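> Structure, please.
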Amino acid sequence: MDLNHMIDTIKQHPDYDRVGMILCHNGVVRGTSRDGKAVSGLTVQVDHDRLERIIEEHKSRPGIIEILVEIRENRPLSVGDDVMGLVVAGDIREHVIETLSDVLNAIKTTVTRKTETFI
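Residues are numbered from 1 along each chain as shown. The predicted model follows:
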């Protein structure tokens, strides 16, 4: 996963001249679960059809030029490893920040399924 490469890809977009903001999310494996249990790692499964629908739906929002997502799946990840990169490019911050937040929440609730490994 390389956020710089994802940003460079966006910079090659034919409508890049309309971009005023690129916002990135880099999710990593935490050392504790949401309920405080010690975690040694996790594995992520992805619903690719649902992911594609979410990206296309949100790319149609006003001002949004591109949305790129990379998720490390189906392999054990350790604490500190990158899990997901999400990059949203658009015209103004109000459009980009809201879209990144909405896409991230949709991915976390309807696209990915995590299996944590506890210590």
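> only C-alpha atoms for contact and neighbour calcs from this point on.
Will do.
> what comes into contact with stretch 48-62?
Here stretch 48-62 makes contact (Cα atoms under 8 Å, 6 or more residues apart in numbering) with 64, 65, 66, 67, 68, 95, 99, 103, 106, 107, 110, 111.
> mind listing what's buried in the lengthiest helix in the chain?
For the chain, the longest helix by residue count, based on DSSP state H, is helix 93-106. Judged by neighbour count (16 or more other Cα atoms under 10 Å), helix 93-106 contains these buried residues: 95, 96, 97, 99, 100, 103, 104, 106.
> for that helix, packing partners?
Secondary-structure packing of helix 93-106 (3 or more Cα pairs under 8 Å, 6 or more residues apart in numbering; DSSP states H and E): strand 21-28, helix 48-59, strand 82-90.
> wait, what's in contact with the residue sitting nearest the centre point of the chain?
The centre of the chain sits closest to residue 86, judged by Cα atoms, centre = their mean, with a distance of 3.0 Å. Each residue near residue 86 by Cα under 8 Å, 6+ apart is listed here: 24, 25, 26, 67, 68, 69, 70, 100, 104.
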